[in-house]
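Asker: Quick one, what's the 3D model for this:
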Amino acid sequence: MRAIQIIQGNDHSLEASNINVVIDVIRAFTVAHYAFINGAQGIMLAGTVDEALRIKKRFPQYVLAGEIKGLPIPGFEIDNSPARLQALDLDGKMLIQKTTNGVRATLNSLNAEHVFVTGFSNARTTAAYIKRSLLKEENMTINLIASHPSGDDDLACAEYMAEILQSSDRVSTDQAITRIQQSAAAEKFYDDERPEFLREDISFCTKELPSDFVMKVNDHHDIPLIERVEVDNNAI
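Answerer: The predicted structure follows:
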C-alpha cells in the first residue's frame, strides 16, 4: 500500500521517503510557476536573506526574489506577487528565492528520492505526473507538505492532490479553490487598508493552469535548485 501523508508546517524533520511535495499556494510556488512560464531558467533556494545576498554576490546576474512576512525585501528585484511578476522579462534568467514558508519547508524536505514544489496552479499537473510516472511500486511513501503552519490554503491544496493521487474525487477543484479564497492567509489580500497585498494575487493563486512541466528540486549541487521538468501534457 502506498502511504500518503499530509504534513503541515515548514519547520519539520522528516524520515527518508520516496517523494516529497512542498506546497505554497499564497504565494511562493505560484510565483515560481509563473516565473518558469515567463521564461526563468531555474530558481535557487536560500534559507535566509543573508544567504540570498551571498548567492547574489557570487552570481551577480541572478535575480533576487522573495518576501519577509509577505512584504518585499529591500534590495530584492522581485517580491512575492504573481500579479506584479507578469510585467517582468525573465527569459533565460536564474532566480534566487527566499520566502517565509515555502522555501524554508523545501529546505527541510530534501530527504527524499524526488522533491517537487507547487502551488495550486500546477497542483493537478504535478500530482498527475507523480501518479503516472513515479508510482511504480505499492510500498512507496509520499509526503505532501502544506508549508503554511496554520493556513488552510496549503492544506486544501494538499488534500486536493492526495485525492488525485488516490484516484478519488472527494475534493473537487471548486472546493479547493473556495477553501484557498476563504483561508486566513488570503484575508489580507481583500483588505482595502492593506494595499501592499494585491487582491489580484489570489486570482493567480487559484487559477488552475494546464502546464507542460513540473517543478523539481535538484539537490545535487551546493545550493538546492528548482528546475523545470517537461512532462507530456496530453497524458495528464
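
Asker: Strands of this protein, start to end?
Answerer: Remark: strands assigned in the chain by DSSP state E are 3-8, 17-23, 42-45, 63-66, 94-98, 112-118, 141-146, 213-218, 225-230.

Asker: what is the mean pLDDT for the fourth one?
Answerer: In this model, strand 63-66 has a mean pLDDT of 98.

Asker: sorry, back to before: quick one: which of the strands of the chain is nearest L88?
Answerer: L88 lies closest to strand 63-66 among the strands of the chain, at 8.5 Å (Cβ to Cβ). From N, CA and C alone the C-beta is placed, and that goes for glycine too.

Asker: what residue is smack in the middle of this protein?
Answerer: F29 (2.8 Å; Cα atoms, centre = their mean).

Asker: on that earlier part again, between the strands of the chain, which one is nearest to A176?
Answerer: Between the strands of the chain, strand 17-23 lies closest to A176; by Cβ to Cβ that is 11.2 Å.

Asker: neighbouring contacts of that closest one?
Answerer: 14, 29, 102, 105-106, 109-119, 123, 126-127, 130, 134, 140-147, 154, 157-158, 161 (Cβ atoms under 8 Å, 6 or more residues apart in numbering).

Asker: The residues you listed, buried ones only, as a PyMOL selection?
Answerer: In PyMOL, this line selects whichever of the contacts of strand 17-23 come out buried by 16 or more other Cβ atoms under 10 Å:
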select buried, resi 14+29+102+105+106+109+112+114+115+116+117+118+119+123+126+127+130+140+141+142+143+144+145+146+147+154+157+158+161
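
Asker: what's stretch 60-80 in contact with?
Answerer: Against stretch 60-80 from outside (Cβ under 8 Å, 6+ apart): 27-28, 31, 35, 43-44, 46, 49, 52-53, 55-56, 84-85, 88, 90, 93-100, 103, 188, 196-197.

Asker: and if we set it to 6 Å?
Answerer: R27, V31, A52, K56, K93, M94, L95, I96, Q97, K98, T99 (Cβ atoms under 6 Å, 6 or more residues apart in numbering).

Asker: Contact partners for the residue nearest to the centre of the chain?
Answerer: G102, V117, T118, G119.

Asker: Right, I'll leave it there.
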